[in-house]
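J.: sequence and predicted model, in that order:
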Amino acid sequence: MIEAGEIVSIRNRRPLTADSPAHDDFWSPDVLKEVNTRSPQMRQTFEKVKSVAPTKTTVLLLGDTGVGKGTLAKLIHQHSGRKNEAFIHVHCGALPDTLVESELFGYEKGAFTGADKRKLGRFDSAQKGTIFLDEINTISSTMQIKLQQVLQDRIFQRVGGETPIEADVREIYISDSVYSLLKFLLFSSVPRIFQTGFTICLTGLTSIILKIFRMLNLLWSRHFRNMRGPAIFVN
């Protein structure tokens, strides 16, 4: 994981230098302006992009709003083996809970009132390509389980359907809310799957989470110090 330690936006570009990432033959000519940076943190980030883009690995991007997570997601897709296929962006936070499943996986005719024909979902549209799920921390626990199946078994089912559909899709997930992400990481099942994935942090988000954990440790020790038995601390 990369910890930039400070908020560094991809959009804050400076003149090229001899060792700029833009001089690297890896990058396609149409993205040279986007990788033009003198920031050591962003250079490190682009090195991580270079290492993960050609693979099939699921990617989790962390960072505040406006630092360029969407740009990184596109860079990963554009420099992967799926670059000529679809790049599907889904803003999970903008979808009502009742519509997330049918939007992502589609539905079969007769699945519910008004479903007079089959509708393909975003995962269908992203077949052979990349699906980019923004604000992944906002999804419900039910959807977490369904996404876990996609991540583990590479299959999904349409709403009202019984036939498993192979998911030949590369997933890129994004989160930008520190406290929502903390809750998501602590109580959801999906993060266990990310242990085999790849995480890029565009800001000092990790250090903020660690500070929260230290604060919880302090409160725990003060509140339960008179209780018998050892306290359990989060490191």
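T.: Noted; the coordinates are in hand.
J.: quick one, what contacts residue 122?
T.: Contacts here follow Cβ atoms under 8 Å, 6 or more residues apart in numbering; on that basis residue 122 touches 88, 90, 103, 104, 131. Bear in mind the C-beta positions are built from the backbone N, C-alpha and C, glycine included.
J.: which residues of the protein fall in helices?
T.: 40-52, 69-78, 97-105, 122-125, 141-153, 178-187, 190-193, 205-224 (DSSP state H).
J.: by mean pLDDT, show me the worst of those helices.
T.: Lowest mean pLDDT of the helices of the chain: helix 190-193, a mean of 52.
J.: is it true that residue 174 touches residue 70?
T.: Yes: assessed by Cβ atoms under 8 Å, residue 174 is found in contact with residue 70 at 7.5 Å.
J.: neighbour count: these two, which is higher?
T.: Comparing residue 174 with residue 70 by other Cβ atoms under 10 Å, the one with more neighbours is residue 174, at 23 against 16.
J.: distance check, the closest residue to residue 88 other than its chain neighbours against residue 66.
T.: With Cβ to Cβ, 6 or more residues apart in numbering as the criterion, residue 88 has its nearest non-adjacent residue at 4.2 Å, and that residue is residue 126. Taken as Cβ to Cβ, to the nearest Å, the spacing of residue 126 relative to residue 66 amounts to 25 Å.
J.: of those two, who's got more company?
T.: Counted by other Cβ under 10 Å, residue 126 and residue 66 do not tie: residue 126 has more neighbours, with 24 against 12.
J.: just the pLDDT at the residue nearest to residue 88, thanks.
T.: In this prediction, residue 126 carries a pLDDT score of 97.
J.: give the contact list for it.
T.: Taking Cβ under 8 Å, 6+ apart as the definition of contact, the neighbours of residue 126 are 86, 87, 88, 169.
J.: max pairwise distance over those: which two?
T.: Across the contacts of residue 126, the two members that end up farthest from each other (Cβ to Cβ) are 87 and 169, 10.9 Å apart.
J.: what's the overlap in contacts for these two?
T.: Common neighbours of residue 87 and residue 169, using Cβ under 8 Å, 6+ apart, are 126, 129, 130.
J.: would you mind giving those as JSON lines with distance to residue 41 added?
T.: As requested, the shared contacts of residue 87 and residue 169 are arranged in JSON lines below (distance: Cβ to Cβ, whole Å):
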{"residue": "126", "distance to residue 41": "30"}
{"residue": "129", "distance to residue 41": "29"}
{"residue": "130", "distance to residue 41": "25"}
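J.: among these, name the ones in strands.
T.: When DSSP state E defines the strands, the subset of these inside them is residue 130.
J.: more neighbours, residue 87 and residue 169?
T.: residue 169 (24 against 19).
J.: okay, the residue nearest to the more buried one when sequence neighbours are not counted and residue 171: tell me how far apart.
T.: In space, not counting the residues next to it along the chain, residue 169 is nearest to residue 126; the distance is 4.7 Å by Cβ to Cβ, 6+ apart. Distance check for residue 126 against residue 171: by Cβ to Cβ, it reads 9 Å.
J.: one more: residue 128?
T.: 13 Å.
J.: more crowded one of those two?
T.: The neighbour comparison of residue 128 against residue 171 (other Cβ under 10 Å) goes to residue 171, with 22 against 12.
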